[in-house]
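Enquirer: How does the following fold in three dimensions:
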Amino acid sequence: MQLSDLYKPLTAHPFERTVSYWEAEPCAALKPYIRCFWGSVQPFWAPESGLSDLVIPDTCCDVIFTVNHTENTVDSAFCGTSDTSFAAFSYLQKPHLRSVFAVRFYAWGAAAFSEDSLKDTKNENSHADSHFSFFRKEMETKLFDITSLSARMQLAESCLLRHFRPERSSANVQNALYEILRQRGNLKTEMLSRTLHISARQLERRFHEEIGVSPKQLSAMIRYQYLWDGLLHRRFRSLADAALELGYTDQAHLAHEFKRFHTLTVNEALRHAAKDVANLQDTAPR
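Expert: Numbering: from 1, shown residues only. Sure thing, here's the model as predicted:
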């Protein structure tokens, strides 16, 4: 069983589907490593006023291309795995024709494509050349002529498959991830190292090299994501049941941990996510 079969992390706005934002699954070969491709269905007019959006810890890292068709420029960024929420903000001095294309890697999936170690990339926001210069070079110049999301996906998949190096993901990390996901994040590093017969120090080192965060940090975020998924899809009868099921000390501990990651209370977060339901479209983009 692939890790991606056990776990589908969600954003703060999991129901958003508009011309400026759409998610699409990768091909079968890339599914274990990439949560989704995302971006604009086609170029759109970005308003002059500032735009902001809540970004929560989704245990993923992204390579993002923002194309300004008005000024013929491309910004390329790498965003490492984040353990804190933040507001993604953009501001234009005047309306511009814009498009966006991005790859959302699972936190553990990026190592199979990155050109170097992902150590110290937690909460990193840097130029794509810092870890994905090959991808940036192959994609950037073609994004002006190839503007549909589906065509950009095909281009990205071809590029990534040519640079795919699965051996960069160690068996110890993959086995540890399986145990963490199987326990839905409720697993201490000491127990994990005993289960896998590997020292806690060695396990920590491999996680930092391949993911950029420690097993403890990733486990906490994964448990939060299982909680967020369960709340959105009403899998729990109550918050008290959710706390018991996911191994939080009590309901107060759950509420505190949720707000620490999400910056909103449970009810506020659910209302924020529900705003996007009205924007759902009946058909996928062509």
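Enquirer: helices or strands up against the top helix by length along the chain?
Expert: For the chain, the helix with the greatest residue count under DSSP state H is helix 215-232. Counting contacts by 3 or more CB pairs under 8 Å, 6 or more residues apart in numbering; DSSP states H and E, helix 215-232 packs against helix 171-182, helix 189-196, helix 200-210, helix 239-246, helix 251-262, helix 266-274. From N, CA and C alone the C-beta is placed, and that goes for glycine too.
Enquirer: which parts of the longest strand that the chain contains are buried?
Expert: Across the chain, the strand with the greatest residue count (assigned by DSSP state E) is strand 96-106. Going by neighbour count (16 or more other CB atoms under 10 Å), the buried part of strand 96-106 is 96, 98-106.
Enquirer: How about stretch 18-29?
Expert: 20-23, 26.
Enquirer: can I get those residues in TSV with pLDDT and distance to residue 171?
Expert: Conversion of the buried residues of stretch 18-29 to TSV gives the following (pLDDT from 0 to 100; distance: CB to CB, whole Å):
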residue	pLDDT	distance to residue 171
20	91	40
21	94	36
22	96	35
23	97	30
26	98	23
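Enquirer: count of residues packed around residue 201?
Expert: For residue 201, the neighbour count with other CB atoms under 10 Å is 10.
Enquirer: now swap in residue 95 and tell me
Expert: 12.
Enquirer: Would you state the predicted confidence (pLDDT) at it?
Expert: For residue 95, the model assigns a pLDDT of 82.
Enquirer: which one of the buried residues of stretch 18-29 sits closest to residue 153?
Expert: Nearest to residue 153, judged by CB to CB, of the buried residues of stretch 18-29 is residue 26 at 7.4 Å.
Enquirer: Outside of stretch 160-169 itself, list whatever touches it.
Expert: 29-30, 34, 103, 108-109, 111-114, 134-135, 210 (CB atoms under 8 Å, 6 or more residues apart in numbering).
Enquirer: same thing but 7 Å
Expert: With CB atoms under 7 Å, 6 or more residues apart in numbering as the test, stretch 160-169 has contacts from 29-30, 108, 111-113, 134, 210.
Enquirer: Same question for stretch 146-155.
Expert: 22, 24, 37, 39-43, 99, 101, 139, 142-143, 285.
Enquirer: just the strands in the stretch 1-150 of the chain please.
Expert: Under the criterion DSSP state E, counting those that start in this stretch, the stretch 1-150 of the chain contains strands at 22-24, 34-39, 44-46, 51-55, 60-68, 73-79, 86-90, 96-106, 125-127.
Enquirer: any idea which of those scores lowest on pLDDT?
Expert: The minimum mean pLDDT among the strands of the stretch 1-150 of the chain belongs to strand 86-90 (a mean of 75).
Enquirer: Excluding sequence neighbours, find me the nearest residue to residue 223.
Expert: Counting by CB to CB, 6 or more residues apart in numbering, residue 185 is the residue found nearest to residue 223 once chain neighbours are left out, at 2.9 Å.
Enquirer: pretty sure the one you found contacts residue 217?
Expert: No - in this structure residue 185 lies outside contact range of residue 217 using CB atoms under 7 Å: 10.6 Å.
Enquirer: that older thread, kindly indicate which of the buried residues of stretch 18-29 lies nearest residue 8.
Expert: Closest to residue 8 out of these is residue 23 (11.0 Å), distances taken as CB to CB.
Enquirer: what bridges to the closest one?
Expert: Beta-bridge partners of residue 23, counted by DSSP bridges, are residue 38.
Enquirer: Least confident secondary structure element in this protein?
Expert: Lowest mean confidence among the helices and strands of the chain (mean pLDDT, DSSP states H and E): strand 86-90, at a mean of 75.
Enquirer: Would you mind writing the ChimeraX command to select the buried ones in the contacts of stretch 146-155?
Expert: Remark: buried members of those, expressed as a ChimeraX selection using 16+ other CB under 10 Å:
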select :22,37,39,40,41,43,99,101,139,143
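Enquirer: out of the contacts of stretch 146-155, which one sits closest to residue 180?
Expert: Nearest member of the contacts of stretch 146-155 to residue 180, counting by CB to CB, is residue 37, at 25.2 Å.
Enquirer: Next one: that closest one from residue 150, what distance?
Expert: From residue 37 across to residue 150, the span is 9 Å (CB to CB, to the nearest Å).
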